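# when you get a sec, could you give me coordinates for this:
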Amino acid sequence: MTIFSTKMGDKTVPTRRGVAIATLLVALGVTASASDPAAPVKPTENKPVQQGKVRRWLQVGTASWYGRYFQGRQTANGESYDMNGLTCAHRSLPLGTWLRVTNLKNRKSIFVRVNDRGPMPDDRIVDLSYAAAKAVGIKGLGKVKLEKLRPGDPEMAQQLIAQLHQPVFVGQGI
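Just a heads-up that it's a prediction; the model follows:
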């Protein structure tokens, strides 16, 4: 199998990583341009303007992981499952959603993309790929916090982009 590289600035980026970066940047740009937070809100005559807090989506619960048995099988979004990719299965979030998964035991976190449905057991909130579970230190089951990537949060976006530039090494066994 030949892996093609893409030239980005003065660096050569493998196509798979380049596509992930491009997809992320487009997604952030589209969602950020969909609403202008700087646009003034005109108060109505009878109702005062409420400066509402930005609501964050998060979920806390048990995570599991899936690996070699599912390698190469088709996921819910149509791509082949790659146990060494940073992906996950979630029951209800839209496919393609980026999540930050934080292991609550050791505070390690990683960004993953939802590409499948699951997990099957009702007591779990997410199934991580083998690489994602290894990156946050989950062996078997672990308690995690899931946070949806917020397009208006530049700090979170910078953390995701920084992660895309760091290689994830996956060894044998977890």
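# need the strands for this structure, in chain order.
Taking DSSP state E as the criterion, the chain carries its strands at 5-8, 11-14, 58-66, 87-89, 98-103, 109-116, 124-129, 142-148.
# what's the local residue count around residue 147?
18 (other C-beta atoms under 10 Å). All C-beta atoms are positioned from the backbone trio N, CA, C, and that covers glycine.
# for residue 136, which of the strands of the chain is the nearest?
Among the strands of the chain, strand 98-103 comes nearest to residue 136, with 4.1 Å by C-beta to C-beta.
# that closest one pairs with which strands, parallel or anti?
Partner strands and pairing direction for strand 98-103 (DSSP bridges) are strand 109-116 (antiparallel), strand 142-148 (antiparallel).
# same question for the last one, mean pLDDT?
Right, the one you point to is strand 142-148. Mean pLDDT, strand 142-148: 96.
# list the buried residues in it.
Residues of strand 142-148 classed as buried by neighbour count (16 or more other C-beta atoms under 10 Å): 142, 144, 145, 146, 147, 148.
# quick one, domains of the protein?
5-34, 58-159 (automatic domain parsing).
# next, count neighbours for residue 137.
14.
# now swap in residue 158 and tell me
10.
# over to the one 5 residues further on?
By the measure other C-beta under 10 Å, the count of residues near residue 163 is 16.
# go ahead and confirm it touches residue 109.
No: applying C-beta atoms under 8 Å, one finds residue 163 not in contact with residue 109, separated by 9.2 Å.
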